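Undergrad: how would this look folded up:
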Amino acid sequence: MTNWRWWLCSLLFVATTVNYLDRQVLSLTYEEFIKPMFHWTDADYGTITSLFSIFYAIACLFAGKFVDWMGTKKGYLIAIFVWSTGACLHAACGWATMHIEGFESIAAMKAVEAGSQAALGIATTAVYLFLLCRGILALGEAGNFPAAIKVTAEYFPKKDRAFATSIFNAGASVGALAAPLTIPPLAAKFGWEMAFIIIGALGYIWMFFWQFMYDKPEQSKHVNEAELEYIHQDDAAEAKPAEAVEEKQLSILKALKYRQTWSFIVGKFLTDGVWWFFLFWAPSYFQNQFGYKASSGMGMALIFTLYAIVTVLSIFGGYVPKLFVEKRGMEPYAGRMLSMLIFAFFPLCALLAQPLGAHSAWWPAILIGLAGAGHQAWSANLFSTIGDMFPKSTIATITGIGAMAGGIGSMIIQKVAGNLFTYAENAGETFSFLGFTGKPAGYFIMFCFCGLAYLIGWCIMKALVPKYKPVEIK
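TA: Below you'll find the predicted structure:
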């Protein structure tokens, strides 16, 4: 048997890594480089991250349908070209703000008195420019997961999909892991603008490999008969030829009539924002709470440790349902839901991050890392539930609908977090929560939600789809 499916899985992993690197440039340059230049507050940053989430959510609703319509190969190429271009365009925001606001240099713009009318004008203009670039980034990035999940369904049987998904989904962790080691040093040496350009250009390189490596398994010269038979073993078991399944389509409105769709929506809505909260706010948290800048040795070590834990543990998370199916003989969906219940307990570690952070910054790094590992393992299995219950031709569409729900959930969390942190910082000692005051109290509130979201989500999903029930499109 050939193993071309794993080469494509590796390519999906690289794309997801680049996807998350592009997302992380802003969070790792915000506190130290961008915030003082544009006179932003946490509320401004929260506005940008929350609106990025809603841009992403809206784009996801159509990205899945676009990938199903355009085809996996062309759809993925277009998506990564758009998001790479959007990532690079961030570098022009400083130059554009300077000219729009009428300053002779970036230094003069940065030297404006904080709180003045000029500072407010700079902040407002920069926010709008960054939102434009984030919108382009979101439009392209929305295509990544619908396309990747579709490739996984095309090239892997059901029993292997969670493991394959966990591998490419680990790109999110690896991207977040590589980001603190590469982006702050790039920004410190060459300027934050070059960090956006260098990281953004990686997507163009990926496009070259995708163009020559991907074809549908039936058309690929790298896939032999034995591998093709392995890939389509579920179709053979159900006595349904792959071609017959591929012909059926599902509109977005019709998809919303199925409880299986709503189960996926709930899982994404309640949990995606948790991951994005950690992704967008962890560097700022370590600087505000403990004084470690993202470009400092300790700051890089803390963020690296956090995502190293996520990366290592999350890959094993996708292997757990495979063990349940092969060793215990469980039906794939039942094994996946049991695995997700186990992983739903990991984020509870976030509840201890703030209390133990009083002793050392390493405690939050470790505990948030465990929570993040739980999310990634949860996410890999959540994505795979689509392939369990929906025909392959509809997978990108359903993935897009769920990703939209996740983006809306993230928008709410990011906006709440930004406003909460600004309010808590201004209120100081008068704002308290379970023994913490000021901004630390705000962080503790957010960690409490993050810790409980997964168990709530699992219970609702189980209530909507108690047992395996595949969707049959008529």
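Undergrad: Would you mind listing the buried residues in stretch 417-424?
TA: 417, 418, 419, 420, 421, 422, 424 (16 or more other CB atoms under 10 Å). For every residue, glycine as well, the C-beta is placed using N, CA and C.
Undergrad: again, but for stretch 134-154
TA: Quick answer for stretch 134-154 (16+ other CB under 10 Å): 134-154.
Undergrad: Just checking the distance from it to the centre of its chain.
TA: For stretch 134-154, the separation from the chain centroid amounts to 11 Å (computed by CA atoms, centre = their mean, to the nearest Å).
Undergrad: circling back to that earlier point, need the buried residues of stretch 417-424 in CSV with pLDDT, can you?
TA: Compiled in CSV, the buried residues of stretch 417-424 are given as follows (pLDDT from 0 to 100):
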residue, pLDDT
417, 92
418, 90
419, 92
420, 94
421, 92
422, 90
424, 93
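Undergrad: Looking at these, which is nearest residue 91?
TA: residue 418 (23.4 Å; CB to CB).
Undergrad: quick one: that closest one and residue 45 touch, right?
TA: Yes - using CB atoms under 8 Å, residue 418 is in contact with residue 45, at 5.8 Å.
Undergrad: picking that back up, so which of the buried residues of stretch 417-424 comes closest to residue 112?
TA: residue 422 (20.0 Å).
Undergrad: What is the subsequent helix or strand relative to the helix or strand hosting residue 281?
TA: Per DSSP states H and E, residue 281 falls inside helix 259-290. The helix or strand immediately downstream of helix 259-290 is helix 297-317, counting by DSSP H and E.
Undergrad: picking up where we left off before, can you tell me which of the buried residues of stretch 134-154 end up in helices?
TA: 134-141, 144-154 (DSSP state H).
Undergrad: Counting by contacts, list what the helix holding residue 281 packs against.
TA: The criterion is 3 or more CB pairs under 8 Å, 6 or more residues apart in numbering; DSSP states H and E, and the helices and strands that helix 259-290 contacts are helix 4-29, helix 42-70, helix 158-190, helix 297-317, helix 362-389, helix 395-427, helix 438-464.
Undergrad: now with 7 Å?
TA: In terms of contacts (3 or more CB pairs under 7 Å, 6 or more residues apart in numbering; DSSP states H and E), helix 259-290 is packed against helix 4-29, helix 297-317, helix 362-389, helix 395-427, helix 438-464.
Undergrad: right, and residue 148 touches residue 168 too?
TA: Yes - the pair residue 148 / residue 168 is scored as a contact, 5.7 Å apart, by CB atoms under 7 Å.
Undergrad: Could you pull out the residues contacting both of the two?
TA: 12, 16 (CB atoms under 7 Å, 6 or more residues apart in numbering).
Undergrad: re the thing from before, distance to residue 74 for the helices and strands packed on helix 259-290 - can I get that in TSV?
TA: Listed next are the helices and strands packed on helix 259-290 as TSV, based on distance: least, CB to CB, whole Å:
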stretch	distance to residue 74
helix 4-29	15
helix 297-317	30
helix 362-389	22
helix 395-427	13
helix 438-464	33
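Undergrad: Counting neighbours, what do you get for residue 125?
TA: Other residues near residue 125 come to 18 when the count uses other CB atoms under 10 Å.
Undergrad: try residue 359
TA: Around residue 359 there are 8 residues (other CB under 10 Å).
Undergrad: sec struct for it, please.
TA: Assigned with DSSP: H, G, I helix; E, B strand; the rest coil, residue 359 falls in the coil class.
Undergrad: For residue 353, see how far away it is.
TA: 11 Å (CB to CB, to the nearest Å).
Undergrad: cool, residue 291 as well?
TA: Using CB to CB, residue 291 is found at 17 Å from residue 353.
Undergrad: Quick check on those two: which one has the bigger neighbour count.
TA: More neighbours surround residue 353 than the other of residue 291 and residue 353, with 23 against 11 (other CB under 10 Å).
Undergrad: what separates that one from residue 438, distance-wise?
TA: From residue 353 to residue 438 the distance is 17 Å (CB to CB).
Undergrad: To residue 232, which of the helices and strands packed on helix 259-290 lies closest?
TA: It's helix 4-29; of the helices and strands packed on helix 259-290, that one is closest to residue 232 (CB to CB) at 11.7 Å.
Undergrad: What residues sit buried inside that closest one?
TA: 4-5, 8-9, 11-29.
Undergrad: What helices and strands are in contact with it?
TA: Helix 4-29 packs on helix 72-89, helix 144-155, helix 158-190, helix 192-200, helix 202-213, helix 225-231, helix 259-290, going by 3+ CB pairs under 7 Å, 6+ apart.
Undergrad: can you list contacts of stretch 180-198?
TA: With CB under 7 Å, 6+ apart, stretch 180-198 has contacts from 24-25, 28-29, 33-34, 87-88, 90-91, 94, 199, 294-295, 300, 303-304.
Undergrad: Narrow those to those that are buried.
TA: Buried members of the contacts of stretch 180-198, scored by 16+ other CB under 10 Å, are 24-25, 28-29, 33-34, 87-88, 90-91, 94, 199, 294-295, 300, 303-304.
Undergrad: Could you report the neighbour count for residue 113?
TA: Residue 113, neighbours per other CB under 10 Å, totals 9.
Undergrad: what are the phi and psi values for it?
TA: Residue 113 adopts backbone torsions of phi -60, psi 130, taken as degrees, to the nearest 10.
Undergrad: If you drop the residues flanking it in sequence, what lies closest to it?
TA: Spatial nearest neighbour of residue 113, chain neighbours left out: residue 119 (6.4 Å); criterion: CB to CB, 6 or more residues apart in numbering.
Undergrad: Go ahead and confirm the one you found touches residue 39.
TA: Yes - contact criterion CB under 7 Å: residue 119 and residue 39 qualify, at 4.0 Å.
Undergrad: quick one: which of the two has more around it?
TA: Taking neighbours as other CB under 10 Å, residue 119 and residue 39 compare with residue 39 leading, 22 against 17.
Undergrad: OK, contacts around the more buried one?
TA: 112, 114, 119, 122, 123.
Undergrad: What helices and strands are in contact with the host helix or strand of the fourth one?
TA: Meaning residue 122. Using DSSP H and E, residue 122 falls within helix 117-141. Packing partners of helix 117-141 (3+ CB pairs under 7 Å, 6+ apart): helix 35-38, helix 42-70, helix 72-89, helix 93-101.
Undergrad: Need the residues that contact the first one.
TA: Contacts of helix 35-38 from elsewhere in the structure, counted by CB under 7 Å, 6+ apart, are 94, 97, 106, 110, 122, 123, 126.
Undergrad: one step back: can you pull the residues that touch both of residue 119 and residue 39?
TA: With CB under 7 Å, 6+ apart, residue 119 and residue 39 have common neighbours residue 112.
Undergrad: that older thread, highest average neighbour count across the helices and strands packed on helix 259-290: which stretch is it?
TA: helix 362-389 (a mean of 26; mean count of other CB atoms under 10 Å).
Undergrad: What is the neighbour count of residue 96?
TA: By other CB under 10 Å, 16 other residues sit near residue 96.
Undergrad: Use 853 as the first number from now on
TA: Taking 853 as the first residue, the last one we looked at is residue 948.
Undergrad: how near is the closest residue to it other than its chain neighbours to residue 900?
TA: For residue 948, ignoring the flanking residues on the chain, the nearest one in space by CB to CB, 6+ apart is residue 981 at 5.4 Å. Note on residue 981: its distance to residue 900, by CB to CB, is 10 Å.
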